[in-house]
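Q: The following comprises the amino acid sequence and a computationally predicted model.
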Amino acid sequence: MPEWLMILIRSVLLFGLTLVGARLLGKRQSGQLTFFDVVTGIAIGVIVALLSLNLMRNMLGGIIALVVWAGFPIALHYLSMKSKTVRDFVLGKETILINHGKVLDDKLMEVRLTPEDLLSQLRRKNVFSFADVEFAVMEPTGDISVLLNKEKQPITPKTLELDVGRESVPQTVILDGVMMDEALTAMGFNRGWLHTELEKVGVAPENVFIAQVDSTGQLYLDLFDDAIILPKPKTKELLYATLKKSQADCELFALSTQQPRAKQMYSDSSQILNEVVQDLEPLLKR
């Protein structure tokens with residue numbers, strides 16, 4: 001058998017074996033890899049390359065080494081999920097670098113991080129003064145998590161004591177010009193509603209690259225032709241304006257009528273609409 005064919009066969013078999021091992025190791029992002037994971041990956045890659053090119057005389061020894069380097073990490077990861085002691089030993093523990101705005105010098109030495117490295121990591125988090133940091137923790141992956149002081153934290157609706165509506169995942173109702181009936185049904189709509197919304201902006205379904213509907217029923221479009229500029233959705237703004245106008249009309253009718261029963265009816269309707277507007281305002285004005 002030609003040498004090149006042997007290399008091809010070995011490479012394909014080792015590729016499949018490596019793929020199986022990678023799947024068994026589980027899904028981990030590159031930013032979540034520890035130093036142990038990096039070393040394991042390099043070792044497996046070197047063994048696979050040597051075996052593929054037949055640079056390792058003892059083929060059986062190479063297979064055993066590959067099984068060990070792939071099997072042991074898998075076993076350790078499963079053990080680490082069951083035992084915190086094993087998890088701390090294999091993955092390491094987090095280290096507090098800044099506590100109440102004070103940099104812990106001994107902890108920096110422990111993780112072999114210079115002050116310049118720490119400041120650089122903080123700048124990557126958009127923090128330019130360590131005094132603004134309440135806590136900074138180095139994770140086992142080497143990434144640094146930062147908690148700012150109360151006065152430096154971004155303002156949120158909760159900080160302002162504002163009520164906001166819940167947000168659900170937008171559903172893709174058109175993809176590559178094809179309507180997605182399952183997504184429409186999940187949002188409580190049908191093709192008739194979608195055709196009506198597309199007619200409002202003068203767009204045919206086959207010209208839509210992606211269309212999504214959010215939790216408020218507002219439709220967002222992206223066309224195949226990027227040169228076409230679509231108007232921004234105004235569903236929420238129009239609904240809010242209609243409710244406010246209806247409330248104002250009821251107040252006007254209550255002031256203009258001379259009949260007590262009609263005046264009371266319009267006043268009650270205005271009050272009800274006012275409560276509806278207050279309940280929906282966090283959802284419609286965001």
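A: Perfect, I can see it now.
Q: which regions of the stretch 51-200 of the chain lie under the pLDDT threshold?
A: 162-167 (pLDDT under 70).
Q: As a check, name the ranges of all strands in it.
A: 95-99, 102-103, 133-138, 144-148, 171-175, 178-179 (DSSP state E, counting those that start in this stretch).
Q: now those in JSON lines, with mean neighbour count and distance to residue 2?
A: All C-beta spots, glycine's among them, are computed from the backbone N, C-alpha and C. Below are the strands of the stretch 51-200 of the chain laid out as JSON lines (neighbours: other C-beta atoms under 10 Å; distance: least, C-beta to C-beta, whole Å):
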{"stretch": "strand 95-99", "mean neighbour count": "18", "distance to residue 2": "55"}
{"stretch": "strand 102-103", "mean neighbour count": "13", "distance to residue 2": "63"}
{"stretch": "strand 133-138", "mean neighbour count": "19", "distance to residue 2": "53"}
{"stretch": "strand 144-148", "mean neighbour count": "17", "distance to residue 2": "53"}
{"stretch": "strand 171-175", "mean neighbour count": "19", "distance to residue 2": "47"}
{"stretch": "strand 178-179", "mean neighbour count": "14", "distance to residue 2": "48"}
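Q: could the ones you listed go into TSV alongside distance to residue 222?
A: Shown next, in TSV, are the strands of the stretch 51-200 of the chain (distance: least, C-beta to C-beta, whole Å):
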stretch	distance to residue 222
strand 95-99	43
strand 102-103	47
strand 133-138	40
strand 144-148	35
strand 171-175	9
strand 178-179	14
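Q: what's the closest of these to residue 272?
A: Among the strands of the stretch 51-200 of the chain, the nearest to residue 272 by C-beta to C-beta is strand 171-175 (31.5 Å).
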